[in-house]
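Enquirer: Provided below for reference: sequence and predicted model.
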Amino acid sequence: MAWFKREKKGIITSTQEKKEAPDGIWNKCPECKKPLHYAEQVENKYVCHYCNYHLRIGSKEYFSVLFDNNEFTELFPALRSGDPLNFNDNKKYTDRLEESNKKTGLIDAIRSGHGKIDGQDLVIACMDFNFIGGSMGSVVGEKIARSIDYCIQHRIPFLMISKSGGARMMEAAFSLMQMAKTSAKLALLSKARIPYISLLTDPTTGGVTASYAMLGDVNIAEPGALIGFAGPRVIKETIKKDLPKGFQTSEFVLEHGFLDFIVDRRQMKEKLATFLKMMNN
């Protein structure tokens, strides 16, 4: 079967000799479907350089984009969720927490850090969607509350980066209580005349939207982010009408007065530094 084989030198005769690209170096833009190299993503602040789609990122990436030299002190890193309701829906809540921890390396769906932006002190609390859909549980609410207390004690502005599917059903009423708790803490922050900037990213929904995400002195969002309380399908089924084009995108929400600005991630640090200078003065 000599005719079936390539025997000339320099021609690969087996797929086993092909070198595969290591995992994580390349991925595909969810919007335009074009290949993206990881190094280019980092350089472009995790924004597709073909279509400007803002890729979903977590606290690790946001801290690297915003904090000067990616230097910060993590606040309250040891807080962990309990299981006050002994929740078990085909899988124990404690098992879900352990699986998410192993998968993401995170303890819960939020991290807080104190660092500097353009030389100005700032505390950032950032949600991580990869941890049980960025759901708001007791630890999320407690970290936000403690971060606000830290800001009041040290007279430091507060930035909240929201990215969530809503309340965590495995904690039921304990999760919903975080809406009132965080809102009350933000009222104390306002009374102390300390700036609060809320950044809404894709997606920001449910109880998070109904509480701390919309309570900023300045409410900003990234382009194309999904922002709303209930999902479009639920709303459509409830009102029995077709929804407007672009419904619940940050652009739609801005047009209807619920946002102050939409800011491209590549200009985010510069804009935040400007806001902080204006507010501090």
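Expert: Cool, got the structure.

Enquirer: So which residues of the protein form helices?
Expert: Listed in chain order, the helices of the chain (DSSP state H) span residues 38-43, 59-66, 93-104, 138-154, 172-191, 206-209, 232-239, 250-255, 268-280.

Enquirer: Now render those as a markdown table, adding mean neighbour count.
Expert: To be clear about C-beta, it is placed using only N, CA and C from the backbone, and glycine gets the same treatment. Output for these, formatted as a markdown table (neighbours: other Cβ atoms under 10 Å):
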| stretch | mean neighbour count |
| --- | --- |
| helix 38-43 | 13 |
| helix 59-66 | 20 |
| helix 93-104 | 15 |
| helix 138-154 | 20 |
| helix 172-191 | 16 |
| helix 206-209 | 24 |
| helix 232-239 | 11 |
| helix 250-255 | 19 |
| helix 268-280 | 16 |
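
Enquirer: can you redo those helices as CSV with mean pLDDT and distance to G82?
Expert: Formatted as CSV, those follow (pLDDT from 0 to 100; distance: least, Cβ to Cβ, whole Å):
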stretch, mean pLDDT, distance to G82
helix 38-43, 92, 36
helix 59-66, 97, 22
helix 93-104, 95, 9
helix 138-154, 98, 7
helix 172-191, 97, 9
helix 206-209, 96, 19
helix 232-239, 87, 30
helix 250-255, 96, 35
helix 268-280, 94, 34
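
Enquirer: Tell me which of those lies nearest to P84.
Expert: Proximity to P84 (Cβ to Cβ) singles out helix 172-191 among these, at 6.0 Å.

Enquirer: And the nearest residue to I25 once chain neighbours are set aside, how close does it get to Y50?
Expert: Counting by Cβ to Cβ, 6 or more residues apart in numbering, I25 lies nearest to Y38, which is 5.3 Å off, once chain neighbours are set aside. Using Cβ to Cβ, to the nearest Å, we find Y38 at a distance of 15 Å from Y50.
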